[in-house]
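Participant: sequence unavailable; structure follows:
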């Protein structure tokens, strides 16, 4: 029976690397997959998913997947969605349709909350609709579990206001435990520029 999975974690928890390894594991066993991401995420180049540790693979954008016939989508052992926090409610409901009506397993990877500690719309919908939830863990500089995403400016100041979506990686964000996120404490080894 097909299920909708949401695997979420803070920045730096290897969500994208996990998505790419999942794709590799299916395809190594001769099973076709479809790797998808929202077009909003253009950091890795056109039609590409890239992890911080250097793994990468071509993908299709979510709207391109939606244009494919369901019979073609059913040829996949599963659909893997990276950066799922950027999905809309309607897009999450489309994934629910693929799982429930077409029998296609869907595995989504993404952030749970933004730098302000607020749920992303796509994450909210996935937390509500997913059959299985799994946290992809990473640690704060203090050794505790990192569950929050801190956005910082070029001077190393932690930001708590601004647009919800500002694309970036290690140059703009770091995963922190709740305490250090609330304090705006990036750690003793963080070098202000």
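Facilitator: In hand now; what should we look at? Note that the structure is predicted; figures quoted are calculated from it, not measured.

Participant: and the residue nearest in space to the middle of the chain, how far from residue 137?
Facilitator: The chain has residue 110 as the residue nearest its centroid, 2.0 Å off, counting by CA atoms, centre = their mean. Applying CB to CB, to the nearest Å, the value for residue 110 to residue 137 is 15 Å. C-beta: built from backbone N, CA, C; applies to glycine.

Participant: same thing with residue 165?
Facilitator: Residue 165 is 24 Å from residue 137, by CB to CB.

Participant: quick check: which ranges of the chain have low pLDDT?
Facilitator: 41-44, 166-170, 191-193 (pLDDT under 70).

Participant: the strands in it, which residues?
Facilitator: 4-8, 33-37, 48-50, 56-58, 60-61, 78-81, 106-110, 132-135, 148-152, 158-159, 173-176 (DSSP state E).

Participant: okay, now the sheet partners of the first one, with direction.
Facilitator: Just to be clear, that refers to strand 4-8. Using DSSP bridges, strand 4-8 pairs in its sheet with strand 106-110 (parallel), strand 132-135 (parallel).

Participant: dump those strands into CSV; add distance to residue 125 as well.
Facilitator: CSV is the format used below for those (distance: least, CB to CB, whole Å):
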stretch, distance to residue 125
strand 106-110, 10
strand 132-135, 13
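
Participant: tell me the most buried of these?
Facilitator: Compared across the strands paired with strand 4-8, strand 106-110 shows the largest average neighbour count, a mean of 26 (mean count of other CB atoms under 10 Å).

Participant: nearest to residue 15, out of the strands of the chain?
Facilitator: strand 106-110 (4.3 Å; CB to CB).

Participant: got the angle for the closest one vs strand 33-37?
Facilitator: Angle, strand 106-110 to strand 33-37, by axes from the mean of the first three to the mean of the last three CA atoms, to 10 degrees: 30 degrees.

Participant: what about strand 106-110, distance to the chain center?
Facilitator: 7 Å (CA atoms, centre = their mean, to the nearest Å).

Participant: so how many other residues sit close to residue 142?
Facilitator: 13 (other CB atoms under 10 Å).

Participant: how far away is it from residue 181?
Facilitator: Distance from residue 142 to residue 181, by CB to CB: 11 Å.

Participant: excluding chain neighbours, what is closest to residue 1?
Facilitator: Spatial nearest neighbour of residue 1, excluding adjacent residues (CB to CB, 6 or more residues apart in numbering): residue 103 at 7.9 Å.
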